[in-house]
Structures are given as C-alpha cells and as structure tokens.
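Trainee: test case, fold it:
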Amino acid sequence: MAAYLYGNIAVTDPQAYETYRQEVPALIAAHGGRYLVRGGAATVLEGQATPQRQVILEFPDMAHLQAFYNAPDYQRLLKIRQAASTGTLIAIEGV
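Mentor: Numbering: from 1, shown residues only. So this is what the prediction gives:
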C-alpha cells in the first residue's frame, strides 16, 4: 500500500535551504519515492490553514518512507532543513 509524506514548510533561510533542495531528490528516488507536489501555488478552500511550501511525496509503502526518513544520509539533510525552515511533516498510509 502506498504511503505519502506531506510537508507544509516555511523556509526561513533560502540560501541554506537550497542545499537541502538540491540534494534531497536523489535520496528520495533511491528509496523508491517520487514527488507529487513540490512547491507551487496553494489555495485554502476551507478552514484556517496557512499554506507555505507544500510537498507531497509518494513511496511504495510505509517501510520505504520510514527507511528514507531514518536513513543516515537523510538525517544529515534533515538537520539542514530544520535549521533553514520550520513546518510540519506527516506520514500517511494510502488506500
């Protein structure tokens, strides 16, 4: 069953975030993931959400998603992302 990683990210240091943005796609692909959404315009249709940089990744299953997130190479990039942005990441199982 597919699994999705949803992020709503507010970039606070664009220069530092660029390193993350350049390096993370290859690691996502290495774990079987692909981008469904990467930035782009977002419009709130209901509720009080404040969309920032929206990202949705699809992985073959939750095990692949967790392997990506816990990979030592991603942990290095995670530190860069967390220093250069704030936000929320949510892992979601598909149907």
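
Trainee: would you map the strands across this protein?
Mentor: If DSSP state E is used as the criterion, the strands of the chain fall at 3-11, 34-38, 53-59, 85-93.

Trainee: which neighbouring elements make contact with the first one?
Mentor: When you say that, I think you mean strand 3-11. Applying 3 or more CB pairs under 8 Å, 6 or more residues apart in numbering; DSSP states H and E, one finds that strand 3-11 makes contact with strand 53-59, helix 62-70, strand 85-93. All C-beta atoms are positioned from the backbone trio N, CA, C, and that covers glycine.

Trainee: number of nearby residues for residue 19?
Mentor: For residue 19, the tally of surrounding residues (other CB atoms under 10 Å) stands at 13.

Trainee: how much space between the closest residue to residue 2 other than its chain neighbours and residue 61?
Mentor: Once its chain neighbours are removed from consideration, residue 2 has its nearest residue in residue 94; the separation is 3.8 Å (CB to CB, 6 or more residues apart in numbering). Noted for residue 94: a distance of 9 Å to residue 61, by CB to CB, to the nearest Å.

Trainee: more neighbours, the two?
Mentor: The neighbour comparison of residue 94 against residue 61 (other CB under 10 Å) goes to residue 61, with 14 against 11.

Trainee: pull the contacting residues for the more buried one.
Mentor: For residue 61, the contacting residues are 1, 2, 3, by CB atoms under 8 Å, 6 or more residues apart in numbering.

Trainee: one more pass at 10 Å, please.
Mentor: If you count contacts by CB atoms under 10 Å, 6 or more residues apart in numbering, residue 61 has them with 1, 2, 3, 32, 67, 93, 94.
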